[in-house]
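**Student:** prediction below, plus the sequence it came from.
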Amino acid sequence: EQKTDFKVAWSIYVGWMPWGYAADHGIVKKWADKYGIKIEVTQFNDYVESMNQYTAGAFDAVTLTNMDGLSIPAAGGVDTTAVIVGDFSNGNDAVILKDKASLADIKGQNVNLVEFSVSHYLLARALESIKLTERDVKVVNTSDADMVAAYKTADVTAVVTWNPLVSTILEEPTAKKVFDSSQVPGEIIDLMVANSGVLKDNPNFGKALAGIWYETAALLTADSADGKAAREAMGQASGTDLKGYESQLAVTKLFDKPADAVAFTASDGLPKTMDLVRNFLFEKGLLGNGAPSADVIGIEMPNGKILGDSGNVKLRFTETYMKAAADGSL
Amino acid sequence: MRWINTRPSRGAQLALTLLPFVLLIVAYTVGSAARLAENANDKLLPGFAGFADAIDRFAFVADPRTGQYLLWSDTGASLIRLFAGLGISTITALVIGMLIGMLPYLRALLSPFVAVISMVPPLALLPILFIAMGLGEASKIALIVIGVAPTMIRDLALKALELPREQIVKAETLGGSSWQIGLRVVLPQILPRLITCLRLQLGPAWLFLIAAEAISSDSGLGYRIFLVRRYLSMDIIFPYVVWITLLAVIMNYILDRIRIAVFPWSELEKQA
Amino acid sequence: MRWINTRPSRGAQLALTLLPFVLLIVAYTVGSAARLAENANDKLLPGFAGFADAIDRFAFVADPRTGQYLLWSDTGASLIRLFAGLGISTITALVIGMLIGMLPYLRALLSPFVAVISMVPPLALLPILFIAMGLGEASKIALIVIGVAPTMIRDLALKALELPREQIVKAETLGGSSWQIGLRVVLPQILPRLITCLRLQLGPAWLFLIAAEAISSDSGLGYRIFLVRRYLSMDIIFPYVVWITLLAVIMNYILDRIRIAVFPWSELEKQA
Amino acid sequence: MSELVIEKVWKEYGDQIVLEDVSLTVASRAFVALVGPSGCGKSTFLRMLLGQERPTRGTILLDGQALPQEPGPDRGVVFQRYSVFPHLTVLGNVLLGRELSASRYKAKLFGTARRNAIDEARRLIAEVGLSGAEGKYPAQLSGGMQQRLALAQALIMKPKVLLLDEPFGALDPGIRAEIHTLMKRLWHETQMTVVMVTHDMREAFTLATRVVAFERKRDRPEEKERYGATITKDISIWPPRLAGAPSVFSPDRDGPVISLGLRRDDPASSPSGEKP
Amino acid sequence: MSELVIEKVWKEYGDQIVLEDVSLTVASRAFVALVGPSGCGKSTFLRMLLGQERPTRGTILLDGQALPQEPGPDRGVVFQRYSVFPHLTVLGNVLLGRELSASRYKAKLFGTARRNAIDEARRLIAEVGLSGAEGKYPAQLSGGMQQRLALAQALIMKPKVLLLDEPFGALDPGIRAEIHTLMKRLWHETQMTVVMVTHDMREAFTLATRVVAFERKRDRPEEKERYGATITKDISIWPPRLAGAPSVFSPDRDGPVISLGLRRDDPASSPSGEKP
Ligand SMILES: Nc1ncnc2c1ncn2[C@@H]1O[C@H](COP(=O)(O)OP(=O)(O)OP(=O)(O)O)[C@@H](O)[C@H]1O
Ligand SMILES: Nc1ncnc2c1ncn2[C@@H]1O[C@H](COP(=O)(O)OP(=O)(O)OP(=O)(O)O)[C@@H](O)[C@H]1O
Ligand SMILES: [Mg+2]
Ligand SMILES: [Mg+2]
């Protein structure tokens, strides 16, 4: 159905801070006005809750990772489309050992991480890279908010987590980064997704989102005083300062130019990544109870190819809106 | 007749008692059906079949990975923490509360301190707690103790202070020393209150337990709830919440029975 | 002389009261110095200079992003939520508690239901709450109400029930209707208890407020604590915790003063 | 007119029979003292007169009408304790009856109505000897003052029937004597029928026009539950006391209390009382 | 021997002078009744004898020794309320004194010692007329039974001095008469000096060998704080009562209470009492 009021949720993370900045500085309103709609942007402290709210239908769009997009809204039956591929983690997520310098030392340790999150996925990929499996370690679920404090306790020797926690933990002299997401580039992707049904009926909403994103992203990467001010503001909003924020940005591959994003989305890498991700999720039983195989949920690629069950497509990648931005036709 | 003088019959009483529970279930059923009609995979308000399935999986089918029946192992893990936390709180509260109530010097020393401490929001100090106690069971139990003990101490100290001065004087004229008066006069009289106090703290204790388990754990009812919250698996969360509530209601009831059985005079006093 | 009969002098009393606070500060200072000596960048136990700096930044320097003084805007946001939540709880508890206490039909209907509801861990139901109430202020206030009101309702219902039957009968012989008895006999007598009850619920109310702010918010004391917790910025967390504690202690004190001023008879009764 | 007729009244609590076959006619303006051992059902009987409880069998008539099934303003009451409202001052306590009767929704009086009610309340307060204490709360009064206040509070309603349940049991003898004098005066001056439960024989015979005793006829432990109490004695005081007419024969025994001094009270006198 | 000598005792609370210049010598085995208006400091005086409070000035000697500064087993006490322990049965309450004296750390007796103590306690319980109620808790006893229990509890310590603070004020007259008889018997039989505070003149003159009255000499409101009470009357009962020797002149006034019947108590008798 056609509507004019839309609700967007975002949570505090380096690659998503532009949403808050855009809301604070009138960029959201500017683009919404342009398309004659209203967009309400809500900030979450708690990432999981923002996804839950989206899945339950309280929001039309939300920021999340490709993996969570598949396992939460898509597996929950909410047909979801990735409107914007904002960035991928290029070192933002890391495996950190205490007093040990090599990944192989992780064997037999307790590993503290947020279970079933991208950290868990990163751990699986890291273990795979040295021919270990999850059976060789013991996973202990630990809330992200307390990861830094957890690392400081004596009995915690291995953690997998993301920024800003990674950089805070690495300030400890004992902390050694032994694996990070730059070793699996392009696999942990941060998206702005929207409800496919809403998007289909209201393509202007998608366009507005794209407009907001690329205007703000350009500011974010600008080497100007305005850009610096924007980065400083985003840093502060995420609880750190300019320096801290810039160091987080450095390990984020941000698609500030729409053309780059289009290229990445259309590349062969994405289906491969999604295949890895869905298999990981299937093994963990996260594609729904009693899912017979990793194929239960269909994932549509920009070129129309479908990964998995084509009768049950719930996650769609599209370049439509990014391309519109690239073409300047917003 | 005035409303305040109208009384329901036995049958009406029972019906009235059940009514809100039934209404809740009906409201849930309707809401759930409506959402499921819209999206058959909706996770927020699963149907009762979904619950039955989840309960079956968690309570009666062994987890393939660990070989445990998750609901029971979670319950076991949580209850051990809860009992340890409440046990330590109870003993601390009993000893310190009684001393504060009895000894003016200790009262001056600790009473205002405990009052201030009881106002500190414990969840905000978790990092310190972790670093001091590690991430294991100790810190979870400690969180319960920190959350629950100050209130219990204050309550018991008050209770000990409220004992009529005449009783203490009388005990002195019977030759009682401070120790003896504590042991034979004050202690037995605050024990029933301790149980009541414990009952009142069951709710907060569960709350802190769940908060602690949410932060770092690999089993426990709170752990499971927060883990599956990531997938909005309300089909698991609801039964777990109902189960926790049931456990709390049962404990509450048992504790009161214990008080009446062990301290019959405390019930007599109340009726008098 | 028996220990129970020894009493500190005025001066000793004051010294004893201050002692634990002083000890705490000294212990902190020592611990902090030790950690800082080992690692000058240690964040867990910052020195007092660190606190002064953080307090200065948050309380006296406007945030460049929003132009607000963060400590004060956070305090304002939190207090509004807290007062709204406690206000709604208080009124709900007063009305429902009084009705449960007075009317046998309503008691049969609601008393067991409220007792069970008070045992439900509210934190586990957060997702439902947020979806039902949206993410604005409403859901934060609702969490406080859900966490705090059932206990208050039970307490007030009990208090209304405890009024000697003789008083109600007397009021009836004075020609009072149910409404009049509620208004002139029951209500004024449970109001002081309401205040006491409110004081007891201050701690839990702060807890729920902080939990709600931790999830979705863009200001508030709990929000700030959780935001900076990722960086383990104890130099901000500690002052915020102390500030919350201070606010709670002050509210507690003021509420008691109000009770004594508005209901002098309740204090007379206590002393009698 | 305020005649009470109790006809073949039984009261049972579950299996326990408390009162059995009680019949009694209390004449208008009588002063009946109800005595009997503890637990025999005196208070239960009074609660039935009050309308707080209903007889299991039998009827109670007030002026020929069946008694309303709940307490109302035609029957006043003073209990041993809890008869005054702790949150109201002395004046507020006495005023309450007027306010409840006159103001249906606010239960408060304003303006002239209030001033008139206050005047009346003050007169009553003065009559029970509480002048000067109008602004005090019950917790600031002694037990005797509280009971006098409870009396004033009941009297402002001008009840047809005044029911007293051991109203003076908790008082010191000195104060009790004072209140007795007051009671007698009030009974003479107002138009009410009084039924008073007491444990104190002496009080019963000092005040009443008629003393009614309840007793269980069979009181062995195993029979206790199966047999209720009933009226075993019904004594009219002689020479008869009449409301409004001072007795010429028997001087008021509760004269002014003697002050402390060398005079001792008569050693030959012996206190009377029913062992409860 | 248990002679109490009170010498020039003053007691002040802050600015308020409660007692001023009280001197009194209580002979061994005397039974002193302390009377006086409410608030004049009777309880305060008793608390000083008990050692619970200290005089601001002056000294109190017991058998020539300065009184210990806290209550101890040589001085027993019965208060008006709260004198028994609600969590102990009747037997437990009476036993407690023995247990506290005999077992320093456990405060419990076992084996033979316990059996002996129980025998003694049972004897005392029987003496105060509570046989059969040994297993009951205070909440199951009437007020009179509780006070008798408190007496037994105090007596098991064989105190030199027994202090009573309005012990029978809350009781019904019938029960009170019974306890008076008991009190007299116990005083005759045991070796103690008794000091009893009472409001009831009649009680004072019935029981005591000597009645001491406290009063403020100046009692105008503005002087109340500045002047304390002191002894204004000190009456020895005539014919003298002697512990252990039944008085030949004055028969016990508190004989068995009369049972309910036609006999009325003497209308000429008048209650005596100090207006409090
Ligand atoms: N609500 C009740 N439910 C069951 N039994 C009751 C109830 N009220 C009174 N009783 C019983 O009825 C009997 C009479 O009680 P009641 O209070 O009328 O005696 P009473 O004569 O007033 O005694 P007292 O002189 O001690 O006041 C008692 O055995 C009591 O246990
Ligand atoms: N702890 C105290 N602090 C201050 N004043 C006190 C204290 N105890 C008693 N008083 C005052 O001392 C005076 C005497 O009190 P006390 O209780 O001894 O009187 P009393 O003669 O026993 O009166 P009553 O007959 O009412 O029991 C009173 O004015 C009382 O207010
Ligand atoms: Mg009765
Ligand atoms: Mg006194």
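**Tutor:** Yes, it's here. Keep in mind that this is a model prediction, so the values were computed, not measured. Residues are numbered from 1 along each chain as shown, chains lettered A, B, ... in the order given. Ligands and ions are numbered 1, 2, ... in the order given.

**Student:** who touches residue 97 in this structure?
**Tutor:** Using chain A. A:103, A:105, A:106, A:109, A:157, A:158, A:175, A:176, A:178 (CB atoms under 8 Å, 6 or more residues apart in numbering or on different chains). Heads up, the C-betas are built off the backbone N, CA and C, glycines and all.

**Student:** that was the other one, I meant chain B.
**Tutor:** Taking CB under 8 Å, 6+ apart as the criterion, residue B:97 is in contact with B:152, B:153, B:154, B:155, B:156, B:157, B:159, B:160, B:190.

**Student:** which one of the contacts of residue A:97 is nearest to chain C?
**Tutor:** Nearest to chain C among these is residue A:175, at 12.1 Å by CB to the nearest CB.

**Student:** that older thread, from the contacts of residue A:97, which land in strands?
**Tutor:** A:158, A:175, A:176, A:178 (DSSP state E).

**Student:** what's the nearest residue to the last one if we skip its chain neighbours?
**Tutor:** Leaving aside its chain neighbours, residue A:178 sits nearest to residue A:103 (4.2 Å; criterion: CB to CB, 6 or more residues apart in numbering or on different chains).

**Student:** looks like the one you found contacts residue A:176 (just checking).
**Tutor:** No. Between residue A:103 and residue A:176 there is no contact under CB atoms under 8 Å: 9.7 Å.

**Student:** let's have the contacts of residue B:97 in CSV, adding neighbour count and secondary structure.
**Tutor:** Shown next, in CSV, are the contacts of residue B:97 (neighbours: other CB atoms under 10 Å in any protein chain shown; DSSP: H, G, I helix; E, B strand; the rest coil):
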residue, neighbour count, secondary structure
B:152, 27, helix
B:153, 28, helix
B:154, 21, helix
B:155, 21, helix
B:156, 26, helix
B:157, 25, helix
B:159, 20, helix
B:160, 23, helix
B:190, 25, helix
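
**Student:** of the contacts of residue A:97, which is the nearest to ligand 2?
**Tutor:** residue A:157 (62.8 Å; CB to the nearest ligand atom).

**Student:** for chain B, see how far away the closest one is.
**Tutor:** For residue A:157, the distance to chain B (CB to the nearest CB, to the nearest Å) stands at 11 Å.

**Student:** for that residue, give its distance to residue A:111.
**Tutor:** 9 Å (CB to CB, to the nearest Å).

**Student:** okay, those two: which has more neighbours?
**Tutor:** Counted by other CB atoms under 10 Å in any protein chain shown, residue A:157 and residue A:111 do not tie: residue A:111 has more neighbours, with 24 against 19.

**Student:** host element of the more buried one?
**Tutor:** strand A:110-113 (DSSP states H and E).

**Student:** with residue B:113 instead?
**Tutor:** Assigned by DSSP H and E, residue B:113 falls in helix B:104-117.

**Student:** I would like the residues contacting that helix, please.
**Tutor:** B:96, B:99-101, B:150, B:153-154, B:157, B:161, C:3-4, C:6-8, C:12-13, C:16-17, C:19-21, C:245, C:249.

**Student:** do the same with stretch D:110-121
**Tutor:** D:91, D:94, D:95, D:98, D:99, D:102, D:109, D:152, D:156.

**Student:** quick one: the first one and residue D:124 touch, right?
**Tutor:** Going back to what we said before, that points to residue D:91. No. Contact criterion CB under 8 Å: residue D:91 and residue D:124 do not qualify, at 10.2 Å.

**Student:** for the helix or strand harbouring residue B:266, buried residues please.
**Tutor:** For residue B:266, the host element (DSSP H and E) is helix B:264-271. Within helix B:264-271, the residues scored as buried using 16 or more other CB atoms under 10 Å in any protein chain shown are B:264, B:265, B:266, B:267, B:268, B:269.

**Student:** what about the longest helix along chain A, near chain C?
**Tutor:** Determined from DSSP state H, the single longest helix within chain A is helix A:203-221. No. Helix A:203-221 does not reach chain C (CB under 8 Å from any CB of the partner chain); its nearest approach is 14.4 Å.

**Student:** show the subsequent helix or strand relative to that helix.
**Tutor:** Heading C-terminal from helix A:203-221 (DSSP H and E), you reach helix A:225-237.

**Student:** check which helices and strands the helix or strand following that next one sits against.
**Tutor:** Using DSSP H and E, the helix or strand that follows helix A:225-237 in sequence is helix A:242-250. Packing partners of helix A:242-250 (3 or more CB pairs under 8 Å, 6 or more residues apart in numbering or on different chains; DSSP states H and E): helix A:165-170, helix A:225-237.

**Student:** which strands or helices does the shortest one pack on?
**Tutor:** Of the remaining helices and strands, those touching helix A:165-170 by 3+ CB pairs under 8 Å, 6+ apart are strand A:93-98, helix A:147-152, strand A:175-180, helix A:242-250.

**Student:** tell me which of those lies nearest to residue D:62.
**Tutor:** helix A:147-152 (76.3 Å; CB to CB).

**Student:** can you get me a residue count around the nearest residue to residue A:23 once chain neighbours are set aside?
**Tutor:** Closest residue to residue A:23 apart from its sequence neighbours, by CB to CB, 6+ apart: residue A:41 at 3.9 Å. Residue A:41 sits with 20 neighbouring residues when counted by other CB under 10 Å.

**Student:** may I have the phi/psi pair for residue A:41?
**Tutor:** Backbone geometry at residue A:41, expressed as degrees, to the nearest 10, gives phi -100, psi 130.

**Student:** need the contact list for the nearest residue to residue A:48 once chain neighbours are set aside.
**Tutor:** Of all residues not flanking residue A:48 in the chain, residue B:230 sits nearest, at 5.1 Å (CB to CB, 6+ apart). Counting by CB under 8 Å, 6+ apart, residue B:230 makes contact with A:48, A:51, A:72, A:115, A:116, A:117.

**Student:** what stretches of the stretch 151-276 of chain D score poorly on pLDDT?
**Tutor:** D:170-174, D:219-225, D:238-239, D:244-276 (pLDDT under 70).

**Student:** run the last query once more with 50
**Tutor:** D:248-276 (pLDDT under 50).

**Student:** much appreciated, bye for now.
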